[in-house]
Structure formats: structure tokens, C-alpha cells
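Visitor: I'll drop the sequence and a predicted model, then ask my questions.
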Amino acid sequence: MEIRHKSMKAFGETLADSKEQLKIINKSNGIPLFDEKYKLTGEEYLKTDKIEFMQINLGKMCNQVCKHCHVDAGPDRKEIMTKETMQLCLDALASSDIPTVDLTGGAPELNPNFKWFADEIKKLNRHLIVRSNLTILEANGFDNHTKFMADHNAEIISSLPYYKASFTDKQRGEGVFQKSIAAMKKLNSLGYAKEGTGLIFNLVYNPVGAFLPAAQESLERDYKRELQKNFDVYFNNLYTITNMPISRFLDYLIASNNYDSYMEKLVNAFNPAAAKNVMCKFTLSVSWDGYLYDCDFNQMLDLNLNHGAPRHIKDFNEDKLLNRKIITGQHCFGCTAGAGSSCGGATA
Amino acid sequence: METYYNPKDLAKFAEMSEGAPELWKKFSSWYGAVFEDGALTAREKSLIALGVAHAVQCPYCIDAYTQDCLEKGADLDQMTEAVHVASAIRGGASLVHGVQMKNVNSKLTM
């Protein structure tokens, strides 16, 4: 399967439609229901404990078209958060104690109001995370974004699916590895991942195919050793993330005839300890157009908040969002397999 | 077409406990311990297992340990080198027996 140059949506592919994806993943195929399996945790159903993260998707536009992207992001995607919706997010933040804002996309830096928004978030004294794909920091016109993020003490989290070019470029595109290394060097030169600076730079590993991630700690040791030895680059922590069977990764699973065995693998690896710490318990996800979701995956499947919780950021009400019942589906097995998976890595 | 090897049979491995449950229990516990992180990492052990799988030409083990190597963080380069190690030992083992051939040859010929 070759790297695309545009999103599935641009090609009018069936799986670009979230309803089509849900039809496939919620087909039973003899697989137990996630809600039933979740009861093994001792809890009746999945609900939010508290909101520690407001994860805001600034838009689906991206300079990369990664094979596994759950957003189906790409250069052709026009969905971008407006300044007005950003202001609604800031109003919601100001009325709450949510300590961390996590900006994602697409490439969040491609939103024309990215810097203004990041600046306003810091004025509210919130911890800021930017999920940067690294290559955007090497693109024309974005050279000062790295310094901007350092000046704003933004934590940077970036995908690097392997410490060598082979796997990385297969998943993310030709030349991505070298550009990522160049961006990492720039981040390191500004103090990122250097002791005493407080500038945090974390990497994300996700499998380049239909298999589960390696153990986070041992893989982090391999990454640190190899990246330091071969490229003299440094990072703080490695987060391992399982590929979710939705969007482009679902397309890959079906095309490579791996879908059934991958789902079976996820279900067989269900880990109640991992399920107890899934990120939706601590997250509020906001889409580019201001709608609210339990996580970025539910957002891409158009599984809007329900059960009496507000559905749009303009109706933000923290009390109504706490203890909300989380919208689940068979895709949730992706977060509960093995050591678990979240935007902050393993959960067990 | 019927074949002796069926990929689905790999999942039935545990059925070998029937008839000798105590032996299976001992095997499973020992097997699990062997592959834990120790003086060698779990990834290194998985790569050795993949090499041995090729040396003993077990299709079940090749299937299982290719997946396991990937899930332990190995890539194609590392797995291919492991297969070369197994092949080198197999090839070398044949070749080194050439010394026996030479010994016999020396004894029998003028």
C-alpha cells in the first residue's frame, strides 16, 4: 500500500464516511461487545472521573498523509477551527480548572490562529501540549514556530514510529524520518529534552502494521540508545500507542486482509487494568467546529457526547461533563489491549 | 487442498494439555519464564526464537515469532539478520561435515 497524497475524503472513498466505518467495526463477527468486556474492570460502564485534559483539534489540514491516520488528515482538508470557536474554548477554560490543553490536528501549526491561541492559553496559566508532526517545523514559513513553542514552554509530543528511516517513512512518507531528525535537533538546540530547562519533548511510537506495540519501557531504552548513537538527538519519554481500527488504518486492515485477526488480537489482549485508566476518563475532546467528544477517535467517528452532557463548547458546563457516561464502540478495544493505549502512552 | 499444516491450529496449541495437564503446566510456566527479560532482553530472545524457528523449519513458530518480534520492537532488518544467523549455522553445520568427508577420502585414496 503506497502513501497517499490526499485524504480518503478527497478521493470520495466509502471509508471516508464515519457511518461506513461504524458499520464495519460494530459488526459482531463473533467478537464480544466492548461494553460487556468492560465489566471485567468491576465497573458497570465507562464514565468520566474528572477533566484533566481539554484536547482541541485545530483542524484536519496536514502536510503529511500518514497511512494509519485516524483523522484522514491531509493537505486537501479544509476543516480548520476559527478564531471565534477558539475564543469559546478559552471562555470554557477560564470558567474551569482544567489544567492541561492539548492541541492536535492535522498539523495544529497549520491553523492560521495557532500562535494567538497558544498565547491566550498560556495567559490562562494552563499547561500547553502541542502534538507536532515535526516535519511542519521544517516547512517554509514555519521556521520560527519551534522558538515560539519553546518561549511558551509548550510540551511537544511527536510521532516517530521507529528509530530508523525504514518503518518511519513507510508509514509517514518518504523523507519524513530525516526531516523529523532535523526538527528534533532544532528542538534540542533550544533546550528541549535538556535537563533543567523544563522543556519537555516526548515521542510517540505506534506499530507500522497490524500488530500491538512493544513494551513502552524497553522500547524507550532502544529509542534513546539508537537516536543518541546515530543522530545525537534526545527526547524525554516514549509513549506507545496502539493503532485504532478506524479511518485509514481500518482501510489498511481491510485491504491487507488483516481486519479480523487484528480485532481478535485486540479483544484477546483486553486488559482490565489498562481499561481502568483509559484517557476518555480524564479528557474532553473538542472538534474544529466546537463539538464535544469523549476522545479524538470518537470525534472522527462523529460520536458526539450524549447522555445529557453538553454537545458544543458554547454550552460548556463542567458539572454536566463530569461523571458523564462515555460513548463506546468496538473500536474502544484499541485502547484497552495489552498495556493499554492513550495519548500519554501505556495505561497499565 | 488439505495440508498437514493449518494456521488455525496454532491457536489450538493449548489443547496439548489434554492427556498430560501437569506436563503442560510445567512446560507453559517454564516457557513463559524463558522469554521474560533477563540477561537478554525479551526482544533479543524473540529474535533468537525466530532464528531457531527457521532452523527447525516450524511454520507455526515462524508465524508466531515474526509477530512476536514486531511486537517486541524489532524490524525487518533485525529479523532478516536472525534468519541469516540460523541459515549460516545450518549451512555451516553441513559444510563442517565436509571435514569427515575429507578424512574418509584421505584414508581411502592414494
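Guide: Alright, I've got the coordinates. Numbers count the residues shown, from 1 in each chain, chains lettered A, B, ... in the order given.
Visitor: leaving out the residues flanking it, which one is nearest to the residue in chain B that chain A sits nearest to?
Guide: The nearest approach of chain B to chain A comes at B:G73, 3.5 Å away (Cβ to the nearest Cβ). No exception for glycine: its C-beta is placed from N, CA and C like everyone else's. Nearest residue to B:G73, sequence neighbours excluded (Cβ to Cβ, 6 or more residues apart in numbering or on different chains): A:A214, at 3.5 Å.
Visitor: report the secondary structure state of the one you found.
Guide: coil (DSSP: H, G, I helix; E, B strand; the rest coil).
Visitor: contacting residues for it?
Guide: Counting by Cβ atoms under 8 Å, 6 or more residues apart in numbering or on different chains, A:A214 touches A:205, A:240, B:43, B:71-73.
Visitor: ok, now with 10 Å
Guide: A:205, A:207, A:220, A:222, A:238, A:240, A:338-339, B:42-43, B:46, B:68-74 (Cβ atoms under 10 Å, 6 or more residues apart in numbering or on different chains).
Visitor: kindly report the same for A:G175.
Guide: Residues near A:G175 by Cβ under 10 Å, 6+ apart: A:135, A:165, A:168-169.
Visitor: from the stretch 51-200 of chain A, which residue is nearest to chain B?
Guide: For the stretch 51-200 of chain A, Cβ to the nearest Cβ, closest residue to chain B: A:F167, 5.7 Å.
Visitor: ok, A:A92 to A:M86 distance?
Guide: 11 Å (Cβ to Cβ, to the nearest Å).
Visitor: now name the helix or strand holding A:E264.
Guide: Assigned by DSSP states H and E, A:E264 belongs to helix A:259-268.
Visitor: without its sequence neighbours, what residue ends up closest to residue 13?
Guide: Just going to use chain A. Nearest non-adjacent residue to A:E13, counting by Cβ to Cβ, 6+ apart: A:D251, 7.4 Å away.
Visitor: nope, chain B
Guide: Nearest one to B:F13, counting by Cβ to Cβ, 6+ apart, is B:Y60 at 7.6 Å.
Visitor: number of residues surrounding that neighbour?
Guide: 15 (other Cβ atoms under 10 Å in any protein chain shown).
Visitor: doesn't B:A49 make contact with it?
Guide: No. Judged on Cβ atoms under 10 Å, B:Y60 makes no contact with B:A49 at a distance of 11.8 Å.
Visitor: what comes up buried for the next helix or strand after the helix holding A:E264?
Guide: Where DSSP H and E defines the elements, the next helix or strand beyond helix A:259-268 is helix A:272-275. Neighbour-count burial for helix A:272-275, counted by 16 or more other Cβ atoms under 10 Å in any protein chain shown, picks out A:274-275.
Visitor: show the subsequent helix or strand relative to the helix with the most length in chain B.
Guide: For chain B, the longest helix by residue count, based on DSSP state H, is helix B:76-96. Where DSSP H and E defines the elements, the next helix or strand beyond helix B:76-96 is helix B:98-108.
Visitor: rewinding a little: select from the contacts of A:A214 every entry located in strands.
Guide: A:205, A:238, A:240 (DSSP state E).
Visitor: and the residue of the stretch 101-250 of chain A nearest chain B?
Guide: Counting by Cβ to the nearest Cβ, the stretch 101-250 of chain A gets nearest chain B through A:A214, at 3.5 Å.
Visitor: tell me if stretch A:51-70 is near chain B.
Guide: No. For stretch A:51-70 and chain B, the contact criterion (Cβ under 10 Å from any Cβ of the partner chain) is not met; the two come no nearer than 14.5 Å.
Visitor: residues in chain A within reach of chain B, list them.
Guide: A:162-164, A:166-167, A:170, A:205, A:207-223, A:240, A:261, A:264-265, A:268-269, A:338.
Visitor: quick one, what contacts A:A118?
Guide: A:58, A:101, A:103, A:108-109, A:111, A:128, A:130, A:145, A:148-149, A:151-152, A:154.
Visitor: can you report how many residues neighbour B:L23?
Guide: If we define neighbours as other Cβ under 10 Å, then B:L23 has 11 of them.
Visitor: again but with B:V56, I slipped
Guide: By other Cβ under 10 Å, 11 other residues sit near B:V56.
Visitor: try the one 5 residues further on
Guide: Summarising burial for B:C61: neighbours were counted as other Cβ under 10 Å, giving 18.
Visitor: just how off-centre is stretch B:5-23 within its chain?
Guide: Computed by Cα atoms, centre = their mean, to the nearest Å, the chain-centroid distance of stretch B:5-23 equals 18 Å.
Visitor: which residues are contacting that stretch?
Guide: Here stretch B:5-23 has contacts from A:261, A:264, A:268, B:24-28, B:58-61, B:63-64, using Cβ under 10 Å, 6+ apart.
Visitor: give me the buried entries from those.
Guide: The buried subset of the contacts of stretch B:5-23 - by 16+ other Cβ under 10 Å - is B:24, B:61, B:64.
Visitor: among those, name the ones in helices.
Guide: Among the buried ones among the contacts of stretch B:5-23, the ones falling in helices (DSSP H) are B:24, B:61, B:64.
Visitor: let me have these in a markdown table, extended by distance to A:K325 and pLDDT.
Guide: As requested, those are arranged in a markdown table below (distance: Cβ to Cβ, whole Å; pLDDT from 0 to 100):
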| residue | distance to A:K325 | pLDDT |
| --- | --- | --- |
| B:W24 | 43 | 97 |
| B:C61 | 45 | 96 |
| B:A64 | 39 | 96 |
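Visitor: that older thread, scan the contacts of A:G175 and report the most crowded one.
Guide: Highest count within the contacts of A:G175 by other Cβ under 10 Å belongs to A:T135, 23 neighbours.
Visitor: which residues touch that residue?
Guide: A:62-64, A:107, A:142, A:158, A:172-173, A:175-180, A:182-183.
Visitor: of these, grab the buried ones for ChimeraX.
Guide: Restricted to buried positions by 16+ other Cβ under 10 Å, the ChimeraX selection for the contacts of A:T135 reads:
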select /A:62,63,64,107,142,158,172,173,176,177,179,180,183
